[in-house]
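Colleague: A structural model of the following input is requested.
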Amino acid sequence: MNARLQGPARAVAELRAAAVDAADEFDLELRSVEPSQRDSARNLVHYLAVRRHDVRELQDQLSRLGLSSLGGMEAHVLASLDAVADALAALRGKAPALETAAPPPLTFRAGDALLAAHAAAILGPAPKGRDTRIMVTMPGEAAEGPELIRDLVEAGMDIMRINCAHDSPAIWKRMIDNLRQAERETGRSCKVSFDLAGPKLRTGPVAPGPAVVKWRPERDALGRVVSPARIRLVTAGRGINADAAGIPVAGGIIANARVGDEIVFTDARKRTRSLEVAAIDERGCTCAGANTAYVVPRTRLALHRHGELIAHGEVGALRRVEQWITLHAGDTLELLLGDTPGQDAVTGKDGRVVKPAFISCALPDVFHGARVGEPILLDDGRIRGVIREARAKKLSIEIGTVRGPAARLRAEKGINLPESRLALPALTAKDIEDLAFIAGHADMVALSFVQRVSDVEALISQLARLGASHLGIVLKIETRAAFNRLPALLLAALRHPSVAVMVARGDLGVEVGFERLSEVQEEILWLSEAAHVPVIWATQVLESLAKGGIPSRAEVTDAAMGSRAECVMLNKGPYVRDALRFLVNVLHRMKEHQHKKSARLRRLRISERGRLARAQ
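Modeller: Residues are numbered from 1 along each chain as shown. Model prediction:
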């Protein structure tokens, strides 16, 4: 028996020695952290030292002996190693192997307590019935009235998230005022988190299409009109365009129209079309159309009543149709520095491309950092390409794969360069300006596009300048570079008294590849727990439910996985109230079954003998 135990005992002792020695290796970083975070930083260093080794064989050996396999050591590394070493010594009939050594800085209880305390400090106390908080992203409508926010607070929202990439300080202030009112009315408290916009790696504008409005009736399988198109005509005036107000019309059409009248015109395809006036109000009239029509500015209209001409009119200014760039596998796309509106490729009479499609990007750093042969991903990875030519103001991209037979690339879509060394600072001039508002209204601030220790240092410095060092900081891990540098980023963030990590799985999945996302998000959870840093599980949680009203099976499983984090984030959507209630239910149930990586074996009612007998 002793022979079987010697190998595992030696391996555990070596792991412990490596963990202790690592504290000397990271001495500078450890001395730089906030004193209240020092034990956590040291535990992270111990964990990093252990994870430099492949301990899978040791884990198998320990499991066969009925001992801990070290699979849950994250929050208390030395204590876990010491417990296993003592158990192995007892099995060998010897005194505890580390009896004379200095006690570990963190016991099991202390390690778990530190993570819980850090989570409560930045995210607020754990709500009754679940350990995981819920963060909800605010839509613009949250500023219009208190109802939405009050409903969310009542349903279980613990943190209100405001994205600085949208709206303005005036709108953000109204959201917070509505939250304070909701807190008073419900008796629940709710934290406020701001996401800094960060540098915008996005496509520039696309040249708009023609100014045109199209309508068509609803038809059945035989082409018969089931429901006519409903068209709103309004009196043309200053600032009126084709939008929710309707189609602007000048002349005497609207002033003279009566219900039942007919409006006749020739559309953009030279086809004669007519509308029947169905309703009239002080601003215009609503008409019914039985045929598809395309209407452009200056289209002439004629109002008829019982065959008699009553008045003439003309369509006013219309908004141009949003356009896109169509791309296929094998196409060339040029990315240009600036804000020139992008356009489709130009082809000659023989069908060959005379001028490739192009779109712009306003960030010069993209062009300075990209190199030939590196991948580039557009629109959340829906379009994938390789850089074939790199100049100071132009990247020539060969499109490799697209989703479906062809992809539509629109303005304001994300650009990812996962292998490029981009010298982009995470804090932009806009972020620094926004921080002045955030400092007086937030509980925490999330740093977007963090990639380097200097990014974390810059945010801590700005908060100190504003007298806002009390705010918690959230590191958004959304790039491959951020993931690869996570240990250094965590140690830098621990110089601040209150820290959390957000797993921004959308951009991160694009950057590392979706086939690696499960592995990567696991590693982020492990490293963060070792540093006693709470985690926010973010991006597309119950997305189908929030936006469409019904969740997918995969989303439900994903939401349950979120129970391993200290917080789960929901995005905005018309059914976000339903998504919030659903998530509260899931997290409440999962608390009984899972804690971090460990399954909790509560009593299972379906295991009862009576139930087995009734199933016969």
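Colleague: Just say helix, strand or coil for Arg31.
Modeller: For Arg31, the secondary-structure state derived from DSSP: H, G, I helix; E, B strand; the rest coil is helix.
Colleague: That one: neighbour count?
Modeller: For Arg31, the neighbour count with other Cβ atoms under 10 Å is 9. (C-beta placed from N, C-alpha, C; glycine too.)
Colleague: what's the neighbour count on the nearest residue to Pro228 once chain neighbours are set aside?
Modeller: Of all residues beyond its chain neighbours, the one nearest Pro228 is Ala288 (4.0 Å), with distances taken as Cβ to Cβ, 6 or more residues apart in numbering. Counted with other Cβ under 10 Å, residues neighbouring Ala288 total 17.
Colleague: Am I right that Ala288 is in a strand?
Modeller: Yes - looking at Ala288 with three-state DSSP, it is inside a strand.
Colleague: what's near enough to touch it?
Modeller: 228-231, 275-276, 278 (Cβ atoms under 8 Å, 6 or more residues apart in numbering).
Colleague: out of those, which are buried?
Modeller: Neighbour counting by 16 or more other Cβ atoms under 10 Å classes 228-229, 231, 275 among those as buried.
Colleague: quick revisit: now go through the contacts of Ala288 and say which are in strands.
Modeller: Counting by DSSP state E, the contacts of Ala288 place 229-231, 275-276, 278 in strands.
Colleague: For Gly252, state which of those is nearest.
Modeller: Leu275 (15.8 Å; Cβ to Cβ).
Colleague: Chain neighbours aside, what residue packs nearest to that closest one?
Modeller: Cys287 (3.8 Å).
Colleague: any idea how far that neighbour lies from Asp261?
Modeller: Counting by Cβ to Cβ, to the nearest Å, the gap between Cys287 and Asp261 amounts to 9 Å.
Colleague: Find the residues that touch each one of these two.
Modeller: With Cβ under 8 Å, 6+ apart, Cys287 and Asp261 have common neighbours 276-277.
Colleague: Output the longest helix belonging to this protein.
Modeller: Counting by DSSP state H, the longest helix found in the chain is helix 2-25.
Colleague: buried stuff in that helix?
Modeller: Buried residues in helix 2-25, counted by 16+ other Cβ under 10 Å: 5, 8-9, 11-12, 15-16, 18-20, 22.
Colleague: what bridges to the residue nearest to Pro228?
Modeller: Beta bridges link Ala288 to Arg230, Glu276 when assigned by DSSP bridges.
Colleague: Could you check the pLDDT of the residue positioned nearest the centre of the chain?
Modeller: Nearest residue to the geometric centre of the chain (Cα atoms, centre = their mean): Thr539, 3.6 Å. Looking at Thr539, its pLDDT is 89.
Colleague: Quick check: phi and psi on it?
Modeller: Torsion angles at Thr539 (phi, psi; degrees, to the nearest 10) stand at phi 80, psi 120.
Colleague: list the contacts for it?
Modeller: Counting by Cβ under 8 Å, 6+ apart, Thr539 has contacts 503-508, 569, 571.
Colleague: among the residues you listed, who's most crowded?
Modeller: Greatest neighbour count in the contacts of Thr539, by other Cβ under 10 Å, goes to Leu508: 28 neighbours.
Colleague: Find the nearest non-adjacent residue to Ala22, please.
Modeller: Using Cβ to Cβ, 6+ apart, the nearest residue to Ala22 is Ala49, at 3.6 Å.
Colleague: Now Asn163. Nearest residue, chain neighbours left out?
Modeller: Nearest non-adjacent residue to Asn163 (Cβ to Cβ, 6+ apart): Asp195, at 4.8 Å.
Colleague: The one you found contacts Arg161, correct?
Modeller: Yes - with contact defined as Cβ atoms under 8 Å, Asp195 reaches Arg161; the gap is 6.6 Å.
Colleague: re the thing from before, what comes into contact with the longest helix of the chain?
Modeller: Under Cβ under 8 Å, 6+ apart, the answer for helix 2-25 is 30, 42, 45-50, 52-53, 55, 58, 61-62, 65, 77-78, 81-82, 84-85, 88-89, 91-92, 97-98.
Colleague: try it again with 7 Å
Modeller: With contacts defined as Cβ atoms under 7 Å, 6 or more residues apart in numbering, helix 2-25 is touched by 30, 42, 45-46, 48-50, 53, 55, 58, 61-62, 77-78, 81, 84-85, 88, 91-92, 97.
Colleague: So which of those belong to helices?
Modeller: Using DSSP H, the contacts of helix 2-25 in helices are 30, 42, 45-46, 48-50, 58, 61-62, 77-78, 81, 84-85, 88, 91.
Colleague: Appreciated, that's everything.
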